[in-house]
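Enquirer: need the 3D shape of this:
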Amino acid sequence: MSTTTPQPGHSAKKSPTPRKAPTTDRARFWSGLCAGLFVPAALFAVLLTLSSDRAGRCLTYGDLCGDSLPGWLFGWSLALAVIACVVALTATAVRVRQAAFGTQLLAEFVALTVILSYT
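Expert: Numbers count the residues shown, from 1 in each chain. Next up is the predicted model:
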């Protein structure tokens, strides 16, 4: 039996280092999808709000028009959702995209809640 020793200039084969599995970050996809679905959700929320008896009487007769959440809350939450969506779509760091996506979801939820609270 002969044993082989590495020749000068040649190195023994090293075991391959395990590669990390590529992480799939879907924050961009979900951010764009949620931004696209926000408009139909807002229209549905408006139709749902207008179908209530109180909102119908308010629009028709001016009766029972109560206070709702302030309009500035809707504006600020909508602006925050747009900014967070842009950050989620353009950021290079994964954690930044994920945090921006979470902020976008929260801001869109607040905006829809303001619409639904009108009644």
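Enquirer: at the geometric centre of this structure, which residue do we find?
Expert: Central residue of the chain (C-alpha atoms, centre = their mean): F101, 3.5 Å from the mean position.
Enquirer: so which strand or helix has it?
Expert: Per DSSP states H and E, F101 falls inside helix 94-116.
Enquirer: flag every buried residue along that helix.
Expert: Neighbour-count burial for helix 94-116 flags 97-101, 103-105, 107-108, 110-112, 114-115 (criterion: 16 or more other C-beta atoms under 10 Å). Just so you know, the C-beta spots here come from the backbone N, C-alpha and C atoms, and that holds for glycine as well.
Enquirer: likewise for stretch 64-77?
Expert: Under the neighbour-count criterion of 16+ other C-beta under 10 Å, stretch 64-77 has F74, S77 buried.
Enquirer: that stretch: end-to-end distance?
Expert: This stretch, stretch 64-77, spans 27 Å end to end (C-alpha to C-alpha, to the nearest Å).
Enquirer: what's it in contact with?
Expert: Outside stretch 64-77, the residues that touch it by C-beta atoms under 8 Å, 6 or more residues apart in numbering are 54, 57-58, 107-108, 110-111, 113-115, 117-119.
Enquirer: can I get the residues you listed in JSON lines with distance to L73 and pLDDT?
Expert: As requested, the contacts of stretch 64-77 are exported to JSON lines (distance: C-beta to C-beta, whole Å; pLDDT from 0 to 100):
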{"residue": "R54", "distance to L73": "20", "pLDDT": "79"}
{"residue": "R57", "distance to L73": "24", "pLDDT": "81"}
{"residue": "C58", "distance to L73": "19", "pLDDT": "80"}
{"residue": "A107", "distance to L73": "11", "pLDDT": "96"}
{"residue": "E108", "distance to L73": "13", "pLDDT": "96"}
{"residue": "V110", "distance to L73": "7", "pLDDT": "94"}
{"residue": "A111", "distance to L73": "8", "pLDDT": "93"}
{"residue": "T113", "distance to L73": "9", "pLDDT": "91"}
{"residue": "V114", "distance to L73": "5", "pLDDT": "89"}
{"residue": "I115", "distance to L73": "11", "pLDDT": "86"}
{"residue": "S117", "distance to L73": "10", "pLDDT": "82"}
{"residue": "Y118", "distance to L73": "12", "pLDDT": "70"}
{"residue": "T119", "distance to L73": "16", "pLDDT": "56"}
